[in-house]
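[1] Can you look at this prediction? I've put the sequence above it.
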Amino acid sequence: MAAQLPMADVDPRSGFQRPTATFHSKRQPIPLPPNPNLDITTFISSRAHHGGDAPAFIDAATGRYLTFPDVFRSVDSLSAALSSMGIRKGDVILLLSPNSIFFPIVCLSVMSLGAIITTTNPLNTANEIGKQAADSRPVLAFTTQQLAPKLAGLSLPIVLIDGEEAKTASVAGKMRIVGTLEKLMNAEAGEKLVRDRISQNDTATLLYSSGTTGASKGVASSHRNLIAMVQTVINRFNLDDTNSSHRFICTVPMFHIYGLAAFATGILATGSSVIVLSKFDLHEMLSSIEKYKATYLPLVPPILIALVNGASQIRSKYDLSSLQSVLSGGAPLSREVIEGFLEKYPRVTILQGYGLTESAGTGASTDTLEESRRYGTAGLLSPSMEAMVVDPDSGARLGVNQTGELWLKGPTVMKGYFGKVEATSSTLSSEGWLRTGDLCYIDEDGFIFIVDRLKELIKYKGYQVPPAELEGLLLTHPEVADAAVIPFPDKEVGQYPMAYVVRKGGSRLSEGAVMEFVAKQVASYKRIRRVAFIDSIPKNPSGKILRKDLIQLATSKL
């Protein structure tokens, strides 16, 4: 399991190096290619050859598939088409789409030119997408016919992912539809392709995260970050010499770092197949496992809990005998959930992972059932990753079994927040340490245990919901004097937003009116689902909301 660490003064059991108060990964370091001018698309295509003519991506609903040669032919053609449209290194391309077998084609083509892909949640409102576009300044967008109206106010040229050339007029309206993906993918690559020299340090993706606090920010990840992430994926599943027999079910959104890292890039490099669900549906997921003989099922804890709770009915209706492992991310699993699952599905191994958008989805993992049975752990540090546990008040570096903020450093850690110098400096130290905002301790065997969040994000089904955004929205209501939003625990979704509201004098504002006001302006996962009225919001002398006091108040009646 653990590689011998060459560094002096490192405890081989915990990975802790006392002189520097740094924890080192116990896993074998990942090799990074020496060529400084290597882009992530070229790297993946050089590794994916052993997939042969097997399906690389399969549409779960229709059965349509793209083989590995199909994928890279399409990528080459789309890259040439984008180049002829004037797309160059450093340009930002917006991708608004549900999961699709074509989602990776767009990402890989854009990144092959040195351009930057920025993805956004299809559930977001036009206003939310507009804010991201104003920040990232894209020059072109890819989207579907159904979602295109959300881009109507952006004055962007648009390529329709699912459109036919003859039918684009029906969705055009005021939008500038400049083509369809099908036509661009089938174009001859030609000799007009202008490819700028790409450095591993150039930005490849711009995914939006709320970071430790506040509004959503663009996480700039480099080609090197993504190459290191892909290497981590390959090594974790021992798929370097695969015979393409493994099939992964894509249940998580590709616009999210989990989906982009695993399904749009990482697994492609292993020669394994990905079965793509356009959106999560339990029946479709289970039917796809049976139909396509899936071996790996990445998911989030609420899906795992649903599998446990409905086990008897599920096992009577679906043949899941091909399934070897489930890969859970988003939150550590409890003893009850792990053992409950293993009791119902004894042939399936549970693996877990911990990561952030800011670390390209990697950070720590459990890679065996034995490791997952360290109940509540996020796992051991990922290969080539280092960690510090830092006292959030004094800044002192802490040791084994001492609780503090988790800091990470490694080849997958982001370049910074796009255009946000101050936010970057408050999250990334001058030495490249990423302040995760998570409180943790690392035990005597090197396992990380996340115990709380310094950052104030609410995790709803794996989606990040920043309280500050909802608080700002609530304060625009004419009958709201003050407001605070907290995470409220829920077994099904993890957490959901709860609002404490101070009414203006004489107001009879109701709980339903507050929830309806917010629901009209945000994506469904950000909606307020519980409201309590209060005389005043508790704050410290500097005016910061004492969210922990409100959480304690809200949960004291559970």
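    Arrived safely, thanks for sending. Treat the numbers as computed from the prediction; the structure is a model and nothing was measured.
[2] what sits against the spatially most central residue of the chain?
    In the chain, the residue lying closest to the centroid (C-alpha atoms, centre = their mean) is residue 257, at 2.5 Å. For residue 257, the contacting residues are 207, 209, 219, 355-357, 360-361, by C-beta atoms under 8 Å, 6 or more residues apart in numbering. Any C-beta I mention is one placed from the backbone N, CA and C, and that applies to glycine too.
[3] And residue 108, how close does it get to residue 218?
    Taken as C-beta to C-beta, to the nearest Å, the spacing of residue 108 relative to residue 218 amounts to 20 Å.
[4] low-confidence ranges in this structure?
    For the chain, the stretches flagged by pLDDT under 70 are 1-8, 49-51, 164-174, 189-194, 210-214, 238-244, 541-543, 558.
[5] What count of nearby residues applies to residue 307?
    Neighbourhood size, residue 307 [other C-beta atoms under 10 Å]: 24.
[6] Relative to residue 37, how far out is residue 220?
    19 Å.
[7] Looking at those two, which is more packed in?
    Neighbour count, other C-beta under 10 Å: between residue 220 and residue 37, residue 220 has more, with 23 against 11.
[8] Next, count neighbours for residue 28.
    What residue 28 shows, counting by other C-beta under 10 Å, is a neighbour count of 13.
[9] now swap in residue 11 and tell me
    Residue 11 has 16 neighbours, counted by other C-beta under 10 Å.
[10] Enumerate every residue touching it.
    By C-beta under 8 Å, 6+ apart, the contact set of residue 11 is 17-18, 400.
[11] pretty sure residue 411 is touching residue 222, no?
    No - applying C-beta atoms under 8 Å as the test, residue 411 and residue 222 come out as separate, 9.5 Å apart.
[12] any common contacting residues for these two?
    The contact sets of residue 411 and residue 222 do not overlap (C-beta under 8 Å, 6+ apart).
[13] Tell me who's in contact with residue 301.
    Applying C-beta under 8 Å, 6+ apart to residue 301 gives the contacts 328, 330-331, 333, 337, 494.
[14] and the residues you listed, which of them are in helices?
    If you go by DSSP state H, the contacts of residue 301 have residue 337 in helices.
[15] would you list the contacts of residue 301 in a markdown table and tack on neighbour count?
    Output for the contacts of residue 301, formatted as a markdown table (neighbours: other C-beta atoms under 10 Å):
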| residue | neighbour count |
| --- | --- |
| 328 | 23 |
| 330 | 22 |
| 331 | 17 |
| 333 | 22 |
| 337 | 19 |
| 494 | 20 |
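[16] What's the local residue count around residue 455?
    With other C-beta under 10 Å as criterion, residue 455 counts 20.
[17] try the one 3 residues further on
    Summarising burial for residue 458: neighbours were counted as other C-beta under 10 Å, giving 24.
[18] So it sits against residue 496, correct?
    Yes - Residue 458 lies in contact with residue 496 (C-beta under 8 Å); the separation is 7.1 Å.
[19] Overlap of the contact sets of the two?
    By C-beta under 8 Å, 6+ apart, the residues touching both residue 458 and residue 496 are residue 487.
[20] Looking at the contacts of residue 301, which one is closest to residue 535?
    residue 494 (29.8 Å; C-beta to C-beta).
[21] Not counting residues beside it along the chain, what's closest to the closest one?
    Computed as C-beta to C-beta, 6 or more residues apart in numbering, the closest residue to residue 494 that is not its neighbour in sequence is residue 459, at 5.0 Å.
[22] Do I have it right that the one you found meets residue 488?
    No - using C-beta under 8 Å as the test, residue 459 is too far from residue 488 to be in contact (11.5 Å).
[23] anything in contact with each of the two?
    With C-beta under 8 Å, 6+ apart, residue 459 and residue 488 have common neighbours residue 495.
[24] would you list every one of the strands in the stretch 451-558 of the chain?
    For the stretch 451-558 of the chain, the strands defined by DSSP state E, counting those that start in this stretch cover 458-460, 463-465, 480-490, 494-503, 530-533.
[25] Tell me which stretches of the stretch 451-558 of the chain form helices.
    467-474, 511-519, 547-555 (DSSP state H, counting those that start in this stretch).
[26] just the CA coordinates of the shortest one, formatted as CSV?
    It refers to helix 467-474. Output in CSV follows, covering the C-alpha atoms of helix 467-474 (Å, rounded to 0.1, in the frame of the first residue of the first chain):
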residue,chain,number,x,y,z
PRO,A,467,-24.5,31.4,2.1
ALA,A,468,-23.3,34.9,1.4
GLU,A,469,-24.9,34.8,-2.1
LEU,A,470,-28.3,33.9,-0.6
GLU,A,471,-28.0,36.4,2.2
GLY,A,472,-27.3,39.1,-0.3
LEU,A,473,-30.4,38.1,-2.2
LEU,A,474,-32.6,38.0,0.9
